[in-house]
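S.K.: Sequence plus predicted model, see below.
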Amino acid sequence: MHKPSDDSLRVHPPAGRLSQRALSRPGSGRAATPALTARPRIEGWPLALVGLAMLGSLAFTAWHQYQKAYAPEAPPVVAVLDSRQLLFRDARDGSVEVIDARTRESLEPIVGEAGFARGVLRGLAQARLRQGGTPADPFELRAESAGSLRLLDPVTGRTVDLTVFGPANAAVFQSYLNIR
């Protein structure tokens, strides 16, 4: 009777289905045993949900970065050190009369050329007239804790930071405040 060899009794799995670790190493003393690699399979709806979650997170991240880039900056908090409501009128002698709007007291007029002061006041007055305001409404001059001196028009909402034009130009208006 013929006995089959041990080699012919072994089952050989198809190529490519075994992991490298499942094959025995030569000289290890182990016989080669087929072992399939266990991997979780995600198919159908679960796969679609995972893809949708990844796409959603990318879209949210892009939207958030866009919002951060174009978000308006919060204005700095500054305290008003001194402020005064002022009226400005052209006088007959060519100077500019300055009147305290609350007390109706005449203050030191702006005399001479005073090109900077006249230019600032002319620009604010023209914008006011275009929006339907009148010269009888006062402007607000204010000194702030950040070191700026501002002339505001409450009718139009326009503001001119006078300190950016230099200390000599700002001094023309600063003389009307109690803070020096």
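M.R.: Sure, I can see it.
S.K.: mind listing the helices in this protein by residue range?
M.R.: 6-9, 45-70, 115-130, 167-174 (DSSP state H).
S.K.: Mind listing what's buried along whichever strand in the chain runs longest?
M.R.: Longest strand of the chain, by residue count under DSSP state E: strand 80-90. Under the neighbour-count criterion of 16 or more other Cβ atoms under 10 Å, strand 80-90 has Ser83, Arg84, Gln85, Leu86, Leu87, Phe88 buried. The C-beta positions use only the backbone N, C-alpha and C, and glycine is treated the same way.
S.K.: can you tell me which of the helices of the chain comes nearest to Ala146?
M.R.: Comparison of these against Ala146 by Cβ to Cβ identifies helix 167-174 as nearest, at 13.5 Å.
S.K.: So which residues make contact with that closest one?
M.R.: Contact with helix 167-174 is made by Ile110, Ala114, Phe116, Ala117, Leu141, Ala143, Leu149, Leu151, Leu162, Thr163, Arg180, as judged by Cβ atoms under 8 Å, 6 or more residues apart in numbering.
S.K.: Kindly recompute the last result at 6 Å.
M.R.: The contact list for helix 167-174, computed with Cβ atoms under 6 Å, 6 or more residues apart in numbering, reads Phe116, Ala117, Leu141, Leu149, Leu162, Thr163.
S.K.: Out of the helices of the chain, which is closest to Val78?
M.R.: Across those, closest to Val78 is helix 167-174 (Cβ to Cβ), at 16.1 Å.
S.K.: burial of Asp100, as a residue count?
M.R.: 15 (other Cβ atoms under 10 Å).
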